[in-house]
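**Student:** 3D, please:
(one chain, ligands or ions: 1)
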Amino acid sequence: MKDQLTQQVDAFMRDGFYVIKGALNQDHVRRLIDAVVEISEDVQTREISDIIDKHEIFHPLLVHSPVFELIQALMGPKVQMESVNATRVKPGKGMPVGWHIDSHPYPDPLPPLWYFPISVNCAYYLDKITPDKGPLVVVPGTHLSRKNPPNGVDNLPGQVDVMAEAGDAVLFHGALWHAAKPNVHPTDERRALYFNYIQSFCKQRAGNFIGERSNQLRESGPFYKQQLLGKFDGWHEIPRDAEVKPQGAR
Ligand SMILES: O=C(O)CCC(=O)C(=O)O
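**Tutor:** Sure thing, here's the model as predicted:
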């Protein structure tokens, strides 16, 4: 009998995504929503970028259990953040997001070793996702297809809507074909956080992690946060229980 983590890795590698139910408790979800609302009062776009630099509440999620165990089991210890964003899609307003993969720019057909380096994005949903709230849509298995998705928003054979409760985490492979439907709910927002992990030798998203909070964490934070924010001065294994270690543990 395989252990739970191995089963999660197998399912992720087969489908290109995996849903971790109840990754955040409801009190945590409420506090994260308050923070997202606070940092996005003047933001008109769907995406609120670079949230590590906007609020400390997001910092522990860099290594949040059980998501980070699965990230490390999939990618190994030498991971860093490509980007950390939030989205806030207002009721009845959301535009659909067309089919794409995250490992771009990309040639077509994809070269055989395109999957390395990979990225794995983790979406934490802060609102219950229903069919009318603009679910993430994926085509399972396409992360292994070596093909790009077609442009646009037309339905594709085999596509599935990914439903989630508030607090669930959806991890998806950077080469998985995915899109998002519009939020056509009459009253409810659809809020989510995206923690996108890449290998250490990749480049972080331009213009991210350059603010005061990121600089401070990179200079004097625990080593695993320094690594996740892009500082490389020799590698150290990130402990499984990184966030609950006593202060100063390195
Ligand atoms: O908001 C969504 O569900 C779409 C997310 C997405 O396409 C992405 O993060 O690349």
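**Student:** how about the secondary structure of the nearest residue to residue 6 once chain neighbours are set aside?
**Tutor:** Distances taken as Cβ to Cβ, 6 or more residues apart in numbering put residue 73 closest to residue 6, at 7.9 Å, once the chain neighbours are dropped. Any C-beta I mention is one placed from the backbone N, CA and C, and that applies to glycine too. Judged by DSSP: H, G, I helix; E, B strand; the rest coil, the three-state class of residue 73 is helix.
**Student:** what's the neighbour count on residue 147?
**Tutor:** Neighbourhood size, residue 147 [other Cβ atoms under 10 Å]: 13.
**Student:** how about residue 212?
**Tutor:** Residue 212: 8 neighbours (other Cβ under 10 Å).
**Student:** ditto for residue 131
**Tutor:** Applying other Cβ under 10 Å, we find 11 other residues in the vicinity of residue 131.
**Student:** out of everything not next to it in sequence, what's closest to it?
**Tutor:** For residue 131, the spatially nearest residue (Cβ to Cβ, 6+ apart) is residue 161, at 6.2 Å.
**Student:** burial count for that neighbour?
**Tutor:** Number of residues near residue 161 (other Cβ under 10 Å) recorded here: 15.
**Student:** could you pull up the residues touching it?
**Tutor:** By Cβ atoms under 8 Å, 6 or more residues apart in numbering, the contact set of residue 161 is 131, 135, 136, 137, 181.
**Student:** now, the residues you listed that are in strands?
**Tutor:** Among the contacts of residue 161, the residues falling in strands (DSSP state E) are 136, 137.
**Student:** which of the contacts of residue 161 lies closest to the ligand?
**Tutor:** Using Cβ to the nearest ligand atom, residue 136 is the member of these that lies nearest the ligand, at 3.9 Å.
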